[in-house]
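Engineer: Sequence plus the predicted model coming up.
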Number of protein chains: 2
Amino acid sequence: MKIGKQTLEFDKKPKILNTSSVVGPKEAEGPLSIYFDKKFNDALYEETTFEKAESKMIMTAVDTLLGKIPTDNSTIDYIFAGDLLNQCIATGYAVRELEMPFFGLYGACSTFVESLILASSFINANYGKKIIATASSHFCSSERQFRLPLEQGTQRTPSQQWTVTACGAALVTKNDNSFKCPVVTYATVGKIVDMGIKDIANMGAAMAPAAFDTIITHLEDTKRRPDYYDLIITGDLGTLGSKILIDLLAGHGIDISTNHSDCGKLIFDIEAQDMHAGGSGCGCCASVFSGYIYELLKTKKINKVLLIATGALMSPTSLGQGESIPSIAHAIAIENEV
Amino acid sequence: MKIGKQTLEFDKKPKILNTSSVVGPKEAEGPLSIYFDKKFNDALYEETTFEKAESKMIMTAVDTLLGKIPTDNSTIDYIFAGDLLNQCIATGYAVRELEMPFFGLYGACSTFVESLILASSFINANYGKKIIATASSHFCSSERQFRLPLEQGTQRTPSQQWTVTACGAALVTKNDNSFKCPVVTYATVGKIVDMGIKDIANMGAAMAPAAFDTIITHLEDTKRRPDYYDLIITGDLGTLGSKILIDLLAGHGIDISTNHSDCGKLIFDIEAQDMHAGGSGCGCCASVFSGYIYELLKTKKINKVLLIATGALMSPTSLGQGESIPSIAHAIAIENEV
C-alpha cells in the first residue's frame, strides 16, 4: 500500500533471493573486484561492437543469476530491465535471447532501483513468483553516444564521472518464510528535480538535489530517522555529488555523514585509477548492489540499507537545445528479517 | 494474480476513469479528428523545437485529463510514461513540469499499453488511487532521429508508416463501484519476437509476429475465444502488418478478420492523405484509444476490447550494426462492466 506522499510499503516483504554481477576491465581492477561474479578484460567482451558487448553482459548476468538458484528462463514470470543506450538496445537484444515477458524501462542511472521497485511491487501483489530486475551500462557505448568519440581521446574535466561497464541483476521472489533473506520493505518513487545544471561533465551536482528530495520524502513517509539505516547508499553521485547531498541534508538538520556511501565512490580506487569524480551509469548501482552490498547483507555485516539510484534524464539533443538536466532518484529499503 | 503463461488477471477491475488526447496537424485532418480533445495545426506547437513541441503535447494531454475529472497534479500518485526519443526526453521534460512521482518506460510503440498495464497493476494492488498512463510520439522529432533529415524530403517507400504526432493519456483509478466505467480485466505481457526483418521502412511486418504471439498467448491464458471481443485492435501494424497478423492467425485457425482493426489504419484516411501503410508511433495507439475507442466504450457502441500495442525495439545504431528488428506486443483487455 501507499503511505505518505510517495512511498510504497511492501507488507508481504518480497525476498531478494539472489543477485549476480558482471563487470568490465576497469571495474575488475577496482577494490570491489572480488565481489563480482564475472569479469572480462576486453571492453568488447569478444563481440564485434560495444553495444553487443553490453547485451552480452546482460545475458551473462541473467544466466549467472539463474545458475545460482538454479532455475531456467521459463520459470521467470517477468523481467524489468533497461540501460542508457538510445532505445535501450542493449536490453532489447539481450531480452530477445532470454525469452521472458518483458517490461522495458528508461530511468537513466536510476533504472536499477526503478526495476527493483517494480519487481518488488509485482511480487508483493502476487503477480508472479520469480521476477528479475536488472540494469546495465558500458563505458564505451555510453561515451560515444552521450559525449565524444572515444578515438578523440578528449581530456576529462575534474568533475567528470566514468560510466561503469557492468550489469547487475536481482531475483525477487515471494516471501514463503522458508529461510531468511534480504527483503524489500519500502520504496520511495522519485519526482523529477531540476536545479538548472547544464554541464554534462558534472552529473553529480545535477543529480544530488533529486537524491536529497527523495531521501527527505522517504524519511517523512516512513517516519524513520536516518540513523535507522546501517547504510544509506546512493547510486552514482560520485565524490562531488555525494558532498553536495550531505551538505543539502545537513542544511535540513539531517546528518548522514557517518552512514552514507556512494556506489560511484566504492567501485573504483579513485586516486589510483584516475577516476576524477568516480563512477556512474546504471550498471554502477546495479553491480555494486548485486555484488558487494547484497553480500554485506547476506553475511549480516549490515542489516538495513537504503539504496537510492539517481538518474539524469537529459540527452545530447536536449542539452544542445539549451535545456538543463532533469534528475530523478528512486529509493528502496532492503533489510534482513529479524 | 498471474494466470497461464503471461497474463495478469485484475480481480479489482481498475477503472479507466477518463482519457485525453492531443494531436498534430495531419491527425487533425484525419477521420478521427472530432474525437480528439486538442488539435494544433503547426508541427512546432508554438515551441522552438519539435522535441519541446512533443513535451508540450504531453503536458497538455495530462492537463486536459486532470481538467476533466477535475483534479490537480498533487492528487496523482504516479505517472507511467514514455516516448520514442533518445533518453525519452519528451517525457522527461514534460514530467519535470508535472511534478508527479514518475516511472519512465521504454517500449517503443508498445509503450502506451505497457504504461496502462503497470498503472492497472498498481491500482489493482492498492498502491495508489489515481495513476496516469501516457505515451507520445511526434513525426518530426522521430523522423529525423530514426530515419533522415526532414529537409531532405526523401521519397517514402510503399510499406512505410507515418509516425503519428499525438499524445494520449488515461487516468486509472480504484473501482469503488460508484458508477460504471470501462474497466481493465486482463493484461498479457509480451515476449520479444524477432523474425529477422531488417527493413526500417517495413515495421508492420517486423511487429506482426509479436502481435500474433501475444494474441495467441492471451487467448490461451484467458480461455477466451477471439469472438469474445467486439474489437481486437492493434496499435500500429498499419495496412501491411495487419494483413500479416490476420494471415498468421488464420494459419492457426483463428479468425479475427471481422473484429480486428488497427489504430494506424484508423487515424488517417490513408488514400486521401497519402499515408502509404498507415500511422505508427506510441502516440498512435495512445491517441486512438484515448480519443476514439474510449468513446466507443463509454457510449456502449462496443463493450469488450482487446488493445494490443506493438513496439519495434531497434535503433539506427543496431540496424547499422547489421541487427534485425526485435519486436514486442503487450495486450490489455478493457471492458464495460455489466
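Structural biologist: Everything's here; your move.
Engineer: okay, now the domains of chain A?
Structural biologist: Domain assignment for chain A by automatic domain parsing gives A:13-173, A:183-336.
Engineer: is the last one anywhere near chain B?
Structural biologist: Yes. Applying Cβ under 8 Å from any Cβ of the partner chain, one finds domain A:183-336 touching chain B at A:189-192, A:194, A:311, A:313-318, A:321, A:323, A:326, A:328. For glycine as for every other residue, the C-beta is placed from the backbone atoms N, C-alpha and C.
Engineer: repeat for stretch A:28-45
Structural biologist: No. Stretch A:28-45 lies out of reach of chain B by Cβ under 8 Å from any Cβ, never closer than 12.5 Å.
Engineer: That stretch: end-to-end distance?
Structural biologist: Start to finish, the residues bounding stretch A:28-45 are 13 Å apart (Cα to Cα, to the nearest Å).
Engineer: Most proximal residue of the stretch 101-250 of chain A with respect to chain B?
Structural biologist: Proximity of the stretch 101-250 of chain A to chain B (Cβ to the nearest Cβ) peaks at residue A:125, 3.5 Å away.
Engineer: The domains of chain A: which one's closest to residue B:13?
Structural biologist: domain A:13-173 (14.6 Å; Cβ to Cβ).
Engineer: which outside residues touch the helix or strand residue A:8 falls within?
Structural biologist: For residue A:8, the element it lies in under DSSP states H and E is strand A:7-9. Residues external to strand A:7-9 that are found in contact with it (Cβ atoms under 8 Å, 6 or more residues apart in numbering or on different chains): A:1-3, A:117, A:121, A:185-189, A:217-218, A:221-222, B:127.
Engineer: After that strand, which helix or strand is next? Please name it.
Structural biologist: Downstream of strand A:7-9, the next assigned helix or strand under DSSP H and E is strand A:15-23.
Engineer: following that next one, which helix or strand comes up?
Structural biologist: Once the chain leaves strand A:15-23, the next helix or strand it forms, by DSSP H and E, is helix A:25-28.
Engineer: Tell me which other helices or strands that next one touches.
Structural biologist: If you count contacts as 3 or more Cβ pairs under 8 Å, 6 or more residues apart in numbering or on different chains; DSSP states H and E, helix A:25-28 packs onto strand A:38-39.
Engineer: quick one: strands adjacent to the strand it packs on?
Structural biologist: Looking at strand A:38-39 with DSSP bridges, its partner strands are strand A:15-23 (parallel).
Engineer: send the alpha carbons of the strand it pairs with over as PDB?
Structural biologist: C-alpha atoms of strand A:15-23 as PDB (Å, rounded to 0.1, in the frame of the first residue of the first chain):
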ATOM      1  CA  LYS A  15      12.700 -11.500  -1.000                       C
ATOM      2  CA  ILE A  16      15.800 -10.700  -2.900                       C
ATOM      3  CA  LEU A  17      16.600 -14.400  -3.300                       C
ATOM      4  CA  ASN A  18      19.900 -13.900  -5.100                       C
ATOM      5  CA  THR A  19      21.900 -11.500  -7.300                       C
ATOM      6  CA  SER A  20      24.600 -11.500  -9.900                       C
ATOM      7  CA  SER A  21      27.100  -9.100 -11.400                       C
ATOM      8  CA  VAL A  22      29.200  -8.900 -14.500                       C
ATOM      9  CA  VAL A  23      31.900  -6.200 -14.800                       C
END
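Engineer: quick check, distance from that strand to the centre of its chain.
Structural biologist: Remark: strand A:15-23 is offset 12 Å from the chain centroid, using Cα atoms, centre = their mean, to the nearest Å.
Engineer: Same question for stretch A:61-68.
Structural biologist: Relative to its parent chain, stretch A:61-68 has a centroid offset of 18 Å by Cα atoms, centre = their mean.
Engineer: which parts of that stretch are buried?
Structural biologist: A:61, A:62, A:63, A:64, A:65, A:66 (16 or more other Cβ atoms under 10 Å in any protein chain shown).
Engineer: just stretch A:93-112 next, same as before
Structural biologist: A:93-98, A:100-112.
Engineer: quick one, what contacts the residue nearest in space to the middle of chain A?
Structural biologist: Central residue of chain A (Cα atoms, centre = their mean): residue A:285, 3.1 Å from the mean position. By Cβ under 8 Å, 6+ apart, the contact list for residue A:285 reads A:109, A:112, A:113, A:135, A:168, A:235, A:236, A:263, A:307, A:309.
Engineer: helix or strand for it, which one?
Structural biologist: helix A:282-287.
Engineer: How far does whichever helix or strand comes after that helix sit from its chain's centre?
Structural biologist: On the C-terminal side of helix A:282-287, the closest following helix or strand by DSSP H and E is helix A:294-298. From the chain centre to the centre of helix A:294-298 is a distance of 16 Å (Cα atoms, centre = their mean).
Engineer: Repeat that for stretch A:19-29.
Structural biologist: Centroid separation for stretch A:19-29 versus its chain: 14 Å, with Cα atoms, centre = their mean.
Engineer: Which one (most neighbours) among the contacts of residue A:285?
Structural biologist: residue A:135 (41 neighbours; other Cβ atoms under 10 Å in any protein chain shown).
Engineer: That one reaches residue A:116, doesn't it?
Structural biologist: No. Counting by Cβ atoms under 8 Å, residue A:135 does not reach residue A:116; the two are 9.0 Å apart.
Engineer: Quick one: the strands in the stretch 201-338 of chain A, in order.
Structural biologist: With DSSP state E, counting those that start in this stretch as the criterion, the stretch 201-338 of chain A has strands at A:231-234, A:260-262, A:279-280, A:304-312, A:327-336.
Engineer: Show me what the mean pLDDT comes to for the longest one.
Structural biologist: Yep, that's strand A:327-336 we're talking about. The average pLDDT within strand A:327-336 is 98.
Engineer: Now do the same contact list for residue A:6.
Structural biologist: Going by Cβ under 8 Å, 6+ apart, residue A:6 touches A:188, A:189, A:190, A:191, A:214, A:217, A:221, B:101.
Engineer: Please work out how many residues are found near residue A:52.
Structural biologist: Quick note: residue A:52 (other Cβ under 10 Å) scores 22 neighbours.
Engineer: Next, see if the strand or helix carrying it gets close to chain B.
Structural biologist: For residue A:52, the host element (DSSP H and E) is helix A:50-68. Yes. Contact of helix A:50-68 with chain B (Cβ under 8 Å from any Cβ) involves A:51, A:52.
Engineer: Next, the angle from that helix to strand A:15-23.
Structural biologist: 140 degrees (axes from the mean of the first three to the mean of the last three Cα atoms, to 10 degrees).
Engineer: same for helix A:50-68, what does it pack against?
Structural biologist: Where contact means 3+ Cβ pairs under 8 Å, 6+ apart, helix A:50-68 is packed against strand A:15-23, strand A:38-39, strand A:78-83, helix A:89-98, strand A:130-137, helix A:139-146, strand A:166-173.
Engineer: from the middle of its chain, how far away would it be?
Structural biologist: For helix A:50-68, the distance from its own C-alpha centre to the chain's C-alpha centre is 16 Å (Cα atoms, centre = their mean).
Engineer: which parts of the stretch 51-200 of chain A sit against chain B?
Structural biologist: Residues of the stretch 51-200 of chain A lying near chain B (Cβ under 8 Å from any Cβ): A:51-52, A:77-78, A:82, A:84-89, A:92-93, A:95-96, A:99-108, A:114, A:118, A:121-122, A:124-128, A:145, A:189-192, A:194.
Engineer: and if we set it to 6 Å?
Structural biologist: A:86-89, A:92, A:95-96, A:99, A:101, A:104, A:106-107, A:125-128, A:189, A:191-192, A:194 (Cβ under 6 Å from any Cβ of the partner chain).
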